[in-house]
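[1] Provided below are the primary sequence and the corresponding predicted coordinates.
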Amino acid sequence: MNIRFFYDGINFRINRSGGKKIFLEKVITDEKKNPGDLVFVFTNDENILEMNKKFLGHDYYTDVISFDYSDESKVNGEIYVSIETVRRNAIEYKVNIDEEIMRVLIHGVLHLCGYRDTEIDEKKNMFLKQERLLQEYKKLLE
């Protein structure tokens, strides 16, 4: 397993990256899948919007986009995170930035594990799973 974090022209660096990597690997193994190579790219709103338009046909900003390159044996992919949207969401939902970042990292990994959020019931199931995992991660930090 290889998890890497990259920063695309933004003034931001992730905190506690080692602990986050270990926990994200656990998310994958708990889903009975094998961790492969994951690349997380922290970027800005404009880059996310461009990717959303180009690859998904959506003309709106989002906090996270996952590209799944998994095969039968391993979970592999790229996850792009707009740090600008994450910061706004942290303020709106009254949580700290680290918590909101971990929320979107978990969300992206769940997509690579096969979770979808296009239908209402899928979205609810994925949200509940994501929030349970986030609470588990937060307890590890206590």
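    Here it is on my side, so go on. Numbering: from 1, shown residues only.
[2] Tell me who's in contact with the most centrally placed residue in the chain.
    The residue lying closest to the centre of the chain (C-alpha atoms, centre = their mean) is residue 105, at 2.4 Å. Counting by C-beta atoms under 8 Å, 6 or more residues apart in numbering, residue 105 makes contact with 20, 24, 40, 64, 79, 81. (Glycine included, C-beta is placed from N, CA and C.)
[3] looking at this, the third one is in a strand?
    Yes: note on residue 40: a strand contains this position according to DSSP: H, G, I helix; E, B strand; the rest coil.
[4] Bridged to it, which residues?
    Counting by DSSP bridges, residue 40 is bridged to residue 5, residue 79.
[5] Isn't residue 83 up against residue 42?
    Yes: using C-beta atoms under 8 Å, residue 83 makes contact with residue 42 at a distance of 5.1 Å.
[6] These two: who's more crowded?
    Neighbour tally, residue 83 and residue 42, criterion other C-beta atoms under 10 Å: the higher count belongs to residue 83, 23 against 20.
[7] Could you tell me how far that one is located from residue 27?
    21 Å (C-beta to C-beta, to the nearest Å).
[8] which residues are in contact with both of residue 83 and residue 42?
    With C-beta under 8 Å, 6+ apart as the test, residue 83 and residue 42 both reach 10, 12.
[9] Please identify the helix or strand for the residue nearest to the centre of the chain.
    helix 97-112 (DSSP states H and E).
[10] Appreciated, that's everything.
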